[in-house]
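Enquirer: Model the structure of this input:
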Amino acid sequence: MKTVLWGASLAGILWVGAWLRGSIVSPLLTAFHATMATPKGFSLNGWVELSPSSGQAPSLQSLATTLAQRMHVKGPMVSTNGPTYQKIAIGQTVAKFYTDVIVERLQNGSTFLVVDRTGNQGFSGLRESTQMVRATLGRQGVPHMDVTLEGAMKGPLTTAKAESVINASFSAIGALRVNGIATPQYVSVAGDSRLIPSAENLQGHPVNIQVALNYNTYWHQEQIDMGSPLITVTY
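Expert: Residues are numbered from 1 along each chain as shown. Coordinates of the predicted model:
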């Protein structure tokens, strides 16, 4: 079963703080390994808003081409237009890593560069991918970055056992519980750790780690997703 976490609550989230070099992967891995789960893969999402241009704004095509070259992505440009936006995406899979570069311009003139990257070989390539995405987007400003780790363990777990797994991950990095949801299908908790300097604001509280567990009927295992500042995949 796949569920989008928090639903409409995400609309009220604000990003605060700076994404500091080397600050996220190590504490997130520490928290994940405390759960004793088996790594399955990871998902990265990074974006940066371009500073307003005093002259004519560069075309989306030129921006997408440059971004793709810097991320070593080759593929056809896919254009999407709507009443309030224009978007170009280029995606490619290389060595089981999928990278999607996106350039989007809103009706008000704001332009965003976005890079999504996923891997399905455990956490192999996680550090290198994070550094590459951050360095590429960092040429245009301070990037907003989200990292989600995906894993599995024997299940199904009871709600109490799922809570204990989350508590173990939080304890490993000194995270304080901020918010949580528990249903018969899944358990999800967001928290705040001093070991992770950047955070988002969720319902008036800083959060920079989120852990969710649910039984994956395809894997026949308990699925665990762990994200910072929040999970950005569905489950």
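Enquirer: What is the neighbour count of residue 185?
Expert: 10 (other Cβ atoms under 10 Å). No exception for glycine: its C-beta is placed from N, CA and C like everyone else's.
Enquirer: Likewise for residue 194?
Expert: Neighbourhood size, residue 194 [other Cβ under 10 Å]: 11.
Enquirer: Kindly state the pLDDT recorded for it?
Expert: We have a pLDDT of 93 for residue 194.
Enquirer: Which strands or helices does whichever strand or helix holds residue 69 pack on?
Expert: Taking DSSP states H and E as the criterion, residue 69 maps to helix 60-70. Counting contacts by 3 or more Cβ pairs under 8 Å, 6 or more residues apart in numbering; DSSP states H and E, helix 60-70 packs against strand 85-94, strand 97-106, strand 111-119.
Enquirer: 7 Å instead?
Expert: strand 85-94, strand 97-106 (3 or more Cβ pairs under 7 Å, 6 or more residues apart in numbering; DSSP states H and E).
Enquirer: got the phi/psi numbers for residue 128?
Expert: For residue 128, the backbone dihedrals (degrees, to the nearest 10) come out as phi -60, psi -40.
Enquirer: Residue 144 versus that one, what's the distance?
Expert: The gap separating residue 128 from residue 144 is 20 Å, by Cβ to Cβ, to the nearest Å.
Enquirer: again, but for residue 217
Expert: From residue 217 to residue 144 the distance is 33 Å (Cβ to Cβ).
Enquirer: again with residue 152
Expert: For residue 152, the distance to residue 144 - Cβ to Cβ - is 28 Å.
Enquirer: Beyond the lowest-mean-pLDDT helix or strand in the chain, next helix or strand please.
Expert: Between all helices and strands in the chain, the lowest mean by mean pLDDT, DSSP states H and E belongs to strand 14-16, at a mean of 41. Next helix or strand after strand 14-16 toward the C-terminus (DSSP H and E): helix 25-33.
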